[in-house]
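Peer 1: No sequence on hand, only this structure:
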């Protein structure tokens, strides 16, 4: 799979009384993958507080197909593209090596400064977004 | 305002380093309002673990318009309707008495039992859903 | 009971796969009670970001006696005293009207400014601490 | 360093409006290290829901020396010993390669089954605890 991917285990505190990962935690998992993507592309220096810019979240969405359980090894893949002044991420969460699709999601961001005012996207981010591949039909099995 | 409404303060631990409520917490606020709605309609006895049924989340979405800050008094309104075997909630989060719209969102649920198998909707829930009003254009200022 | 008290329900997302409130959430409940105590005494204006002061946490401790469950109505009581430049809170969490003791805890704080530098305690806080009663043997049944 | 160690980055959602990791998250970090320790010693099969046993938390404590910030690479070390029917963990959290001590803590556990009844410690756990080294003066710089 060509997509960028980030792995993490399900923590016990992320589960709820139904024995599955509580749905609010998927947004935390997406964020971890997004920040890891920034880091791997040398873009974490463009992120608050290293720079006076953070990617404010203006929209989120998640579709849940199967539950995740304590200690599952999750594989979080993402793709990203610029949408005018905004940045759009898509995510897919798989369980372990079986590549069992658990959830897909999306987040839409606007770069803002420490006073929450929209700012121009940094050049390094613009350059990275131009080099990213985007697959309309991804993930195919969702 | 005719809509069901639930109030809560923003906790300090719900904020992030940008000084605003972290976006993942909106799903927690929606859940609190949803559970409170169940309780006020005598439906909490239909909820796990009181009954062997929980409303599994299959879809969530949030649109963020303005940030929420520490100690803000949030007013969370919701409307709900049945969609076949599913239950669909819409939410709007306002700040304080000014009724400043901060975010709108939605969650889609399927009743499942403790083994996460879909089950028939309970009669009390069906009856409640039939008595609920639904306004297509709500909330009007979003 | 003469002690200051704050009530809240257990949210579903606060439970874990054992069906009980995850232990890390007790520190969040303590914080909610502490902030509510500030508010009721007109001291929330002494708290960041209303003032450039926050009560940084330097020590926490919790003893758990019984588990809390989803939707339990928790009653959180506290007492507080100054300890030199620090502020010391003790907490007791009871379930519902039965006053069943679930946990006791403590947090120790130092007033710091936005740069995390210790600052002098505000006069309003000093005055409040002087008027607080402290019972060494509280809570008696722990 | 001879102690068992686990590493993780500080997530953005773990920070609060003071720009530092909120204190309740330290208990989550301890848990992650504890579960990772179980896994590395082949003991995760002794943990709920793989086995009908979980290590219920009966006591926690944390001392905070320095704040942790977004994206800090944390190094969490621990030592563990049996105390009769209980299991006692001590933790130290360091920042990055500089080994800057941020916090120390402790958790005390009782093995319980799915009904939260205390159960005998599993043989594999007893054997592991007997092979663990314990240093009274650890961590030395706390």
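Peer 2: Cool, got the structure. Source: prediction; values computed, not measured.

Peer 1: Contacts only, for the residue lying farthest from the centre of chain A.
Peer 2: Distance from the C-alpha centroid of chain A, by CA atoms, centre = their mean, peaks at residue A:17 (25.8 Å). Going by CB atoms under 8 Å, 6 or more residues apart in numbering or on different chains, residue A:17 touches B:48, B:49, C:12, C:15, C:16, C:17, C:19, C:20, C:69, C:70. To be clear about C-beta, it is placed using only N, CA and C from the backbone, and glycine gets the same treatment.

Peer 1: And residue A:65, by the same measure?
Peer 2: A:101, A:102, A:103, A:104, A:142.

Peer 1: same thing but 6 Å
Peer 2: residue A:101 (CB atoms under 6 Å, 6 or more residues apart in numbering or on different chains).

Peer 1: before we move on, back to that, burial count for the nearest residue to the residue farthest from the centre of chain A once chain neighbours are set aside?
Peer 2: Counting by CB to CB, 6 or more residues apart in numbering or on different chains, residue A:17 lies nearest to residue C:15, which is 3.8 Å off, once chain neighbours are set aside. Residues lying near residue C:15 (other CB atoms under 10 Å in any protein chain shown) number 24.

Peer 1: what about residue C:15, distance to residue D:74?
Peer 2: 26 Å (CB to CB, to the nearest Å).

Peer 1: How about residue A:37: what's its closest non-neighbour residue?
Peer 2: Residue A:37's closest residue in space is residue A:4 (CB to CB, 6+ apart), at 5.6 Å.

Peer 1: How many neighbouring residues does the one you found have?
Peer 2: Neighbour tally, residue A:4, other CB under 10 Å: 18.

Peer 1: Give me the neighbour count for residue A:128.
Peer 2: For residue A:128, using other CB under 10 Å, the count is 19.

Peer 1: That one contacts residue A:42, doesn't it?
Peer 2: No: at 8.6 Å, residue A:128 does not count as touching residue A:42 under the criterion of CB atoms under 6 Å.

Peer 1: Can you give me the buried ones in the helix or strand containing residue A:38?
Peer 2: Residue A:38 is part of helix A:25-40 when elements are defined by DSSP states H and E. In terms of neighbour count (16 or more other CB atoms under 10 Å in any protein chain shown), helix A:25-40 has its buried residues at A:25-38.

Peer 1: which helices and strands does that helix pack with?
Peer 2: Contacts defined by 3 or more CB pairs under 6 Å, 6 or more residues apart in numbering or on different chains; DSSP states H and E place helix A:25-40 against strand A:4-9, strand A:73-83, strand A:100-112.

Peer 1: returning to that earlier point: what would the buried residues of helix A:25-40 look like in a markdown table with pLDDT?
Peer 2: Output for those, formatted as a markdown table (pLDDT from 0 to 100):
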| residue | pLDDT |
| --- | --- |
| A:25 | 98 |
| A:26 | 98 |
| A:27 | 98 |
| A:28 | 98 |
| A:29 | 98 |
| A:30 | 98 |
| A:31 | 97 |
| A:32 | 98 |
| A:33 | 98 |
| A:34 | 96 |
| A:35 | 95 |
| A:36 | 96 |
| A:37 | 96 |
| A:38 | 94 |
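
Peer 1: of the residues you listed, closest to chain C?
Peer 2: residue A:25 (8.5 Å; CB to the nearest CB).

Peer 1: How much space separates the residue lying closest to the closest one once chain neighbours are set aside from residue A:22?
Peer 2: Closest residue to residue A:25 apart from its sequence neighbours, by CB to CB, 6+ apart: residue A:14 at 4.6 Å. Plainly put, residue A:14 is 7 Å away from residue A:22 if you go by CB to CB.

Peer 1: still on that earlier bit, and the helix holding residue A:38 with strand A:100-112, angle?
Peer 2: 70 degrees (axes from the mean of the first three to the mean of the last three CA atoms, to 10 degrees).

Peer 1: between helix A:25-40 and strand A:73-83, how many degrees?
Peer 2: Computed by the same axes, to 10 degrees, the angle between helix A:25-40 and strand A:73-83 is 70 degrees.

Peer 1: contacting residues around helix A:25-40?
Peer 2: By CB under 6 Å, 6+ apart, helix A:25-40 touches A:4, A:6, A:14, A:44, A:47, A:60, A:62, A:76, A:78, A:89, A:91, A:103, A:105, A:107, B:24, D:11-13.

Peer 1: out of the helices and strands packed on helix A:25-40, deepest packed?
Peer 2: Comparing those by mean neighbour count (mean count of other CB atoms under 10 Å in any protein chain shown), strand A:100-112 ranks first with a mean of 20.
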